[in-house]
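J.: okay, sequence plus prediction incoming.
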Amino acid sequence: MQLTTNTQSTDTSPQAARLQVGLTTKVSLHWMVKKVAMKRAVSVTTAARDLLREGLDRFDKESMTISPSKLLVDYEREANDYEGEKTENWVIRADRRLVIRTRLRAGEYKCSLSSFANFLLADALNHCPDAAAVRAGSVENIITDESVAEAIWAIQQVSGVKARDLALQIDLGKQRGLTNMILGGTVLAPARVLSKLSSTLNVPLNVMLVALERRFATQTVPSFKATDSKPVLQTERKAWSVAVKELQLPKDEQERLLKLEG
């Protein structure tokens, strides 16, 4: 498995190098990691890194009394128990020590780093209170057209000029324009911003996410004059980093906003 260095911050030192772990998991498992990130109000990268560490710590502890080969069978079953057959490739960025430790364990038991990381995540999620809360919520909080309509109404009430006050409440400072882009569904906001938006509007997070998707899907074509070039309707929701950099803000403000994504 290829590992590449990354100079982003770590838990202990902002200058310490990170490594990337490429892995393949079921889409439903990756979705749960994202939900845990939202529950914790952190980036998906941070949540995945923490879950990987939790899974590895548990594996090391359990392997002292249980056969590692049996543990791997159990962990693999937990990963396979996630619904659906569709898989996806994604990356975890973690500090060097954690990645090397995980790689050594994988090699010790003749398992690929990708597979071993997948198994550790699955087991960590099975023991994660936040994941349990997400599972319970997915059963209890059924998304209805009525609840989505109410969420859209709540979003509309704070859009436009009123987004100035909302921006302060969701850690976006004076970025009213960026806030309005989030409310319009055209920009994918970081998990911690979405969590605060959900809390501020008193709208369940899962309902709000659907409302934002519908806002984007029903966006109107911008008006233009005969002398203007024909406007192009945005067909994909814009990544956070792209949207922030396009604003061409002062360096310190740009860095602050980018860090919201972890």
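T.: On my side now, so go ahead. Residues are numbered from 1 along each chain as shown.
J.: would you map the strands across the stretch 1-150 of the chain?
T.: 5-6, 18-26, 87-95 (DSSP state E, counting those that start in this stretch).
J.: can you list the low-confidence ranges for this structure?
T.: The chain contains residues with pLDDT under 70 at 1-16, 137-142, 220-235, 262.
J.: what residue is smack in the middle of it?
T.: Closest to where the C-alpha atoms of the chain average out (C-alpha atoms, centre = their mean) is Val44, at 3.4 Å.
J.: next up, phi/psi of the residue lying closest to Pro68 once chain neighbours are set aside, please.
T.: Spatial nearest neighbour of Pro68, excluding adjacent residues (C-beta to C-beta, 6 or more residues apart in numbering): Tyr109 at 5.6 Å. Where you see a C-beta, it was placed from the backbone N, CA and C, and this is true even at glycine. The phi/psi pair for Tyr109 (degrees, to the nearest 10) reads phi -110, psi 20.
J.: before we move on, back to that, Val73: which of the strands of the stretch 1-150 of the chain is closest?
T.: strand 18-26 (17.6 Å; C-beta to C-beta).
J.: tell me the strands beside that closest one, with direction?
T.: With DSSP bridges as the test, strand 18-26 is paired with strand 5-6 (antiparallel), strand 87-95 (antiparallel).
J.: most packed of the ones you listed?
T.: Highest mean neighbour count among those (mean count of other C-beta atoms under 10 Å): strand 87-95, with a mean of 17.
J.: mind listing what's buried in stretch 238-248?
T.: Residues of stretch 238-248 classed as buried: Trp240, Ala243, Val244 (neighbour count, 16 or more other C-beta atoms under 10 Å).
J.: please report how far the nearest residue to Gly184 once chain neighbours are set aside lies from Glu76.
T.: In space, Gly184 comes closest to Arg215 once its chain neighbours are excluded; the distance is 5.6 Å by C-beta to C-beta, 6+ apart. Distance, Arg215 to Glu76, using C-beta to C-beta, to the nearest Å: 40 Å.
J.: longest helix anywhere in the protein?
T.: helix 44-62 (DSSP state H).
J.: quick one: that helix to chain centroid distance?
T.: 16 Å (C-alpha atoms, centre = their mean, to the nearest Å).
J.: which elements pack onto that helix?
T.: Contacts defined by 3 or more C-beta pairs under 8 Å, 6 or more residues apart in numbering; DSSP states H and E place helix 44-62 against helix 27-40, helix 68-80, strand 87-95, helix 96-108, helix 113-126.
J.: ok, residues contacting it?
T.: 21, 33-34, 36-37, 40, 42, 68, 71, 75, 92-95, 98, 101-102, 105, 117, 119-125, 127-128, 191, 262 (C-beta atoms under 8 Å, 6 or more residues apart in numbering).
J.: which among those count as buried?
T.: 21, 33-34, 36-37, 40, 42, 68, 71, 75, 92-95, 98, 101-102, 105, 117, 119-125, 128, 191, 262.
J.: tell me, how many residues neighbour Met181?
T.: Met181: 20 surrounding residues under other C-beta atoms under 10 Å.
J.: what's the distance between it and Lys70?
T.: 51 Å.
J.: same deal with Asn126?
T.: Asn126 is 16 Å from Lys70, by C-beta to C-beta.
J.: the two: which is more packed in?
T.: Remark: of Asn126 and Lys70, Asn126 carries more neighbours, 17 against 11, as counted by other C-beta under 10 Å.
J.: tell me which residues touch the more buried one, please.
T.: Glu78.
J.: do the one 3 residues further on as well
T.: For Pro129, the contact set (C-beta under 8 Å, 6+ apart) is empty.
J.: and if we set it to 10 Å?
T.: Shown in contact with Pro129 (C-beta atoms under 10 Å, 6 or more residues apart in numbering): Val36, Lys39.
J.: once you drop chain neighbours, what's closest to Ala167?
T.: That would be Thr179: by C-beta to C-beta, 6+ apart, it lies 4.3 Å from Ala167.
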